[in-house]
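Participant: Quick one: sequence and predicted model below, then my questions.
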Amino acid sequence: MAFYTVQARTNYYVDIGEGRPVLLLHGISNSGRAWAPQVPDLKAAGYRAIVPDHAGHGASGAVTAPFGVQELANDVEALIAHLGLDEFDVVGLSLGGMVALELALRHPERIGRLIVANSFERTATPQFKALAEGWAKIFEQPHGPVLRLEQNWPSLVSPAFQETAEGLRTWQVWHGIAASADGPSLAHVARGITDFDRANDLGKLAMPTLFIAGDGDGMSPPDLSRAMAERAGDGICHVIAGAAHISNVDSADEFSRIMLQFLGRASSPAVSM
């Protein structure tokens, strides 16, 4: 079944493959379809890919009040319970990376490996709050999600990827998803995520953690991922050359390669990959 219920809201997910479960968590204003490049790779490698749409995103139900990282993590916990998962790995990008960090700190005994890509340890700053408020105001405009995608596409994926056939296909798919997105819900999420702060808790991460960055990511620059890896208990960092903010899409082959290498490791030394 592709749906589960949380506090009278209906959330959507897909569950593909067999083997060790891997949760894939997407970024703000996107959907689980952003993980399309990695799902076949995980399945072929013998993993079970579980890909939810966050509340207010994709095919999941709308939200009617600010909805932050804590609430998004609560939803994923409900999905974990719905599926009866005991142990699993988590991969999150951008907002999804923040949710992944939250889950890892809540459930150190259940998450074997953690991958945090193009993400943040803290949003509880005046600068991020102003940035998120700007997103929210765009989302609230008529056809706001489409407007934001059109404005931000050049910074989301690399210029080289934008010109490829796969880049054009991705643009068309994401544009259609944005056209059917619920702008007020996305505004509630944008405003809700501005109180996240796990900067002082990274050393408590109990599992091997891989931080992925793109050297062309202006939103979450590589130095941020390097610093998080240094403070994590067992953290390493990999910077993808030529990648922008959605590195799993514009550099899909490299992302999948390092993801599968890390998930399959027997141990992970605290050095850069």
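Facilitator: The structure has been received and is ready for your questions. Residues are numbered from 1 along each chain as shown.
Participant: Where do the helices of the chain begin and end?
Facilitator: Using DSSP state H, the helices of the chain run over 38-44, 69-83, 95-106, 126-139, 144-156, 159-162, 165-179, 183-192, 222-231, 247-250, 252-263.
Participant: Out of those, which gets nearest to residue 120?
Facilitator: helix 95-106 (6.0 Å; C-beta to C-beta). C-betas here are computed from N, CA, C, even on glycine.
Participant: Show me the contact partners of that closest one.
Facilitator: 23-28, 54, 69-70, 72-73, 76-77, 90-92, 111, 114-121, 123, 189, 193, 196, 198, 201-202, 204-207, 209 (C-beta atoms under 8 Å, 6 or more residues apart in numbering).
Participant: still on that earlier bit, out of the helices of the chain, which is closest to residue 13?
Facilitator: Across the helices of the chain, residue 13 has its closest neighbour in helix 69-83 (6.1 Å, C-beta to C-beta).
Participant: Determine which residue of the chain is most distant from the centre point.
Facilitator: residue 142 (26.0 Å; C-alpha atoms, centre = their mean).
Participant: residue contacts, it?
Facilitator: Residue 142 touches nothing, counting by C-beta under 8 Å, 6+ apart.
Participant: 10 Å instead, please
Facilitator: residue 183 (C-beta atoms under 10 Å, 6 or more residues apart in numbering).
Participant: Same check on residue 255?
Facilitator: Contact analysis of residue 255 by C-beta under 10 Å, 6+ apart lists 37-38, 41, 91, 93, 115, 117, 212, 214, 238, 240, 243, 246-249.
Participant: what's the most distant pair in the residues you listed?
Facilitator: Among those, 41 and 214 lie farthest apart (C-beta to C-beta), at 18.4 Å.
Participant: ok, these two, which is more surrounded?
Facilitator: Neighbours per residue (other C-beta atoms under 10 Å) separate residue 41 from residue 214, with residue 214 holding more: 29 against 17.
Participant: What confidence value was assigned to the nearest residue to residue 233 once chain neighbours are set aside?
Facilitator: If the residues on either side of it in the chain are set aside, residue 233 comes closest to residue 205, at 5.0 Å by C-beta to C-beta, 6 or more residues apart in numbering. Listed pLDDT for residue 205 reads 96.
Participant: and residue 174, what is it in contact with?
Facilitator: Counting by C-beta under 10 Å, 6+ apart, residue 174 touches 29-31, 33-34, 145-146, 149, 153, 156-157, 246, 249.
Participant: Please apply the same query to residue 15.
Facilitator: Counting by C-beta under 10 Å, 6+ apart, residue 15 has contacts 1-2, 21, 48-52, 79, 83.
Participant: Over to residue 194?
Facilitator: Residue 194 sits next to 66, 68-69, 123-126, 128-133, 136 when contact means C-beta under 10 Å, 6+ apart.
Participant: and residue 208, backbone torsions?
Facilitator: phi -60, psi 130 (degrees, to the nearest 10).
Participant: distance of it from residue 256?
Facilitator: 18 Å (C-beta to C-beta, to the nearest Å).
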